[in-house]
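Participant: Turn this into a structure:
(4 chains)
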2 protein chains.
Amino acid sequence: MAGMASRGDSNRQRIVEAADQLFYIKGFNHTSFSDIADAAGVARGNFYYYFKSKDDILEAVIARRADNIREMLAEWDEEYPDPRDRLHRYVAILTNEQHHIERYGCPMGTLCTELSKLEHDRHRDAAEMFDVFREWLEEQFRLLGHADDARELALHLLARGQGVATITNAYRDPAFLRREAVEILRWLDSL
Amino acid sequence: MAGMASRGDSNRQRIVEAADQLFYIKGFNHTSFSDIADAAGVARGNFYYYFKSKDDILEAVIARRADNIREMLAEWDEEYPDPRDRLHRYVAILTNEQHHIERYGCPMGTLCTELSKLEHDRHRDAAEMFDVFREWLEEQFRLLGHADDARELALHLLARGQGVATITNAYRDPAFLRREAVEILRWLDSL
DNA sequence: GTCTATATAATGATAGAC
DNA sequence: GTCTATCATTATATAGAC
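Facilitator: Reported below is the predicted structural model:
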C-alpha cells in the first residue's frame, strides 16, 4: 500500500547494524561495501535499494547511534533519580567498555575525527552525537546546582572521556583507563 | 663512494615533509601517492626509488615527527631551567596550535587512532611518539618531587591534551580549548 | 636519479534478470 | 525486493626509457 512503511526492513536494519560495527572497528573510509555485505549477509547490489550511496549508510549509522544513546539515557533517568548517580553511571561507560576502547577507541570521537579529516559533509551530524550526551550532562549539573557552568562542566567531562579513550587505545593500556575513571569520579564528587 | 650518504636527499626529504603534512590534514589512508606527488613536486614513479611502499613513507614520517619532538624538547630544556616552566610550555602547545587542532586534531592522537583501526603494523611506532613526550614529562614531574607518581601524572597530562584536541576538533570550538588550557595550568600549579 | 607509461587490484556504483 | 554481472574510477605498485 502506498505510503505504508515497507516491509523487508530487516535487511535494511542488518545493513545499518553491520555498518555501525564496522565503522567503529575498521573506520568509515576503510570499510568497503564488500565488508558490510559479508557481515550483513546481503548482496552488494542490494544495498542501493535501501541507500543511494555509502554516505547515506553513514547518515543512517549516525542516526542509529544517536537514537541508541537517547534511549540509554532515558533508561538511566528512570533507574537513577539522583543526578550524581547518573553522572557516575556515565563514567562507568569507560570501565564497562574498556576492552572495546582499548582496541578501537571511542565510537563517537574516532568517527568525528575521521570525518573531519575527510572533510565529510556528515561531520556536523557526527558531532551532534556528542550533543546528545552533552545536553544530558548539562541537565545533571544544573540539577546539582551548577546552573552557571553546566555547559563548561559537561564539555570538560566529555573531553576527559575522549582523552582517556585515545591514550588507552594508543598504549593498549586498560589499567590507565581504570585509574583515570577513579580520578574522574573523584573530580565529580569534589564539585 | 660506497657507504657514503647519497646526495639527492632533498627529494626524499620533500616527499617525507609533504607526506607528514598530508597524513595530518587528510589522514594516512585517504592520502594518495598522487596527493603527495603533487605537494612535493615529485613524479609518482620516483617515490619507489626512495621508499619501497606507502608503509615505508609512513615509517619515515613517524621517525621524522619523533625527531622533531625530541629536538623541540631539547630546546625547551635549554630555554627553561625550571621544570614548572617547561610544563607550562608544554600546555602552551594547545593554544599555539589551536587553529590546527580545531581543524585537524592532534597529529599524534589522530594518526595513532587511525593506524589502530587499520590494524597497521606501524601503530606501535606511532604510539612511541607519545612516549617521547611522556618520558620528558615524567622527568619534569620527578624534578618537582613527584617521583612516585611521575608516570601517572605524565599520562594524565597527555590524556588531557588528547581530550581537549578531540572535542575542540569535533565542535570546531577553539574557545573551549583556551578555557581547558587554563584549567590544566591550574591543575599543574595545584600539585 | 628522474620520469612516463602501464599492470593489477580494489572500490563505489549501475544495469538488468528474476 | 533480491540477486548476479559489470562498469568506471582510483589506488598502489612496477617496468623501462632517458
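
Participant: Please, where are all the helices along chain A?
Facilitator: Here chain A has its helices, by DSSP state H, at A:9-25, A:33-40, A:47-50, A:54-79, A:83-96, A:98-104, A:107-117, A:123-143, A:150-171, A:174-190.

Participant: For chain B, find the nearest of those.
Facilitator: Chain B sits nearest to helix A:150-171 of all the helices of chain A, at 2.8 Å, using Cβ to the nearest Cβ. For glycine as for every other residue, the C-beta is placed from the backbone atoms N, C-alpha and C.

Participant: how about that closest one against chain B, any contact?
Facilitator: Yes: Helix A:150-171 comes into contact with chain B (Cβ under 8 Å from any Cβ of the partner chain), by way of A:152, A:155-156, A:158-164, A:166-167, A:169-171.

Participant: Just give me how far that helix sits from the chain centre.
Facilitator: Relative to the mean C-alpha coordinate of its chain, helix A:150-171 is positioned 13 Å out (Cα atoms, centre = their mean, to the nearest Å).

Participant: Repeat that for stretch A:131-141.
Facilitator: For stretch A:131-141, the distance to the chain centre is 14 Å (Cα atoms, centre = their mean).

Participant: how near is the most centrally placed residue in chain A to A:Leu73?
Facilitator: In chain A, the centroid-proximal residue (Cα atoms, centre = their mean) is A:Met108; its distance is 4.1 Å. Computed as Cβ to Cβ, to the nearest Å, the A:Met108 to A:Leu73 distance reads 14 Å.

Participant: Same check on A:Ala19?
Facilitator: Distance from A:Ala19 to A:Leu73, by Cβ to Cβ: 23 Å.

Participant: Out of these two, name the residue with the larger neighbour count.
Facilitator: Each of A:Ala19 and A:Leu73 has its neighbours counted (other Cβ atoms under 10 Å in any protein chain shown); A:Ala19 has more, 25 against 20.

Participant: Surely that one touches A:Ile57?
Facilitator: Yes: at 5.0 Å, A:Ala19 and A:Ile57 qualify as touching, with contact defined as Cβ atoms under 8 Å.

Participant: before we move on, back to that, which residue sits closest to the residue nearest to the centre of chain A in space, ignoring its chain neighbours?
Facilitator: Nearest non-adjacent residue to A:Met108, counting by Cβ to Cβ, 6 or more residues apart in numbering or on different chains: A:Met129, 4.8 Å away.

Participant: What is the burial count for the closest residue to A:Asp189 other than its chain neighbours?
Facilitator: Nearest non-adjacent residue to A:Asp189, counting by Cβ to Cβ, 6+ apart: A:Arg84, 7.9 Å away. Using other Cβ under 10 Å, A:Arg84 has 14 other residues around it.

Participant: Who are the contact partners of A:Arg84?
Facilitator: Residues in contact with A:Arg84 (Cβ atoms under 8 Å, 6 or more residues apart in numbering or on different chains) are A:140, A:144, A:188-189.

Participant: Most neighbours among these, which one is it?
Facilitator: A:Gln140 (26 neighbours).

Participant: Could you pull up the contacting residues of the closest residue in space to that one that isn't next to it in sequence?
Facilitator: Leaving aside its chain neighbours, A:Gln140 sits nearest to A:Pro83 (4.1 Å; criterion: Cβ to Cβ, 6+ apart). Contacts for A:Pro83 (Cβ under 8 Å, 6+ apart) come out as A:139-141, A:143-144.

Participant: check whether stretch A:92-99 contacts chain B.
Facilitator: No: counting by Cβ under 8 Å from any Cβ, no contacts exist between stretch A:92-99 and chain B, the nearest distance being 11.5 Å.

Participant: ok, the closest residue to DNA strand D within chain A to B:Ala39 distance?
Facilitator: Residue nearest to DNA strand D within chain A: A:Gly45 (1.9 Å; Cβ to the nearest atom of the strand). From A:Gly45 across to B:Ala39, the span is 37 Å (Cβ to Cβ).

Participant: Comparing those two, which shows the higher neighbour count?
Facilitator: Taking other Cβ under 10 Å, A:Gly45 and B:Ala39 do not tie; B:Ala39 has more neighbours (17 against 9).

Participant: residue contacts, the more buried one?
Facilitator: B:18, B:21-22.

Participant: would you list these in CSV and tack on pLDDT and neighbour count?
Facilitator: Output for the contacts of B:Ala39, formatted as CSV (pLDDT from 0 to 100; neighbours: other Cβ atoms under 10 Å in any protein chain shown):
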residue, pLDDT, neighbour count
B:Ala18, 97, 21
B:Gln21, 98, 17
B:Leu22, 98, 20
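
Participant: dump the residue contacts of the nearest residue to A:Gln98 once chain neighbours are set aside.
Facilitator: With sequence-adjacent residues excluded and distances taken as Cβ to Cβ, 6+ apart, A:Gln98 is closest to A:Pro174, at 4.5 Å. A:Pro174 makes contacts with A:98-99, A:101-102, A:168, as judged by Cβ under 8 Å, 6+ apart.

Participant: What distance do you get for the nearest residue to A:Ala165 once chain neighbours are set aside to A:Arg122?
Facilitator: Distance criterion Cβ to Cβ, 6+ apart; nearest residue to A:Ala165, sequence neighbours excluded, is A:Cys106 at 4.0 Å. With distances taken as Cβ to Cβ, A:Cys106 is found 17 Å from A:Arg122.
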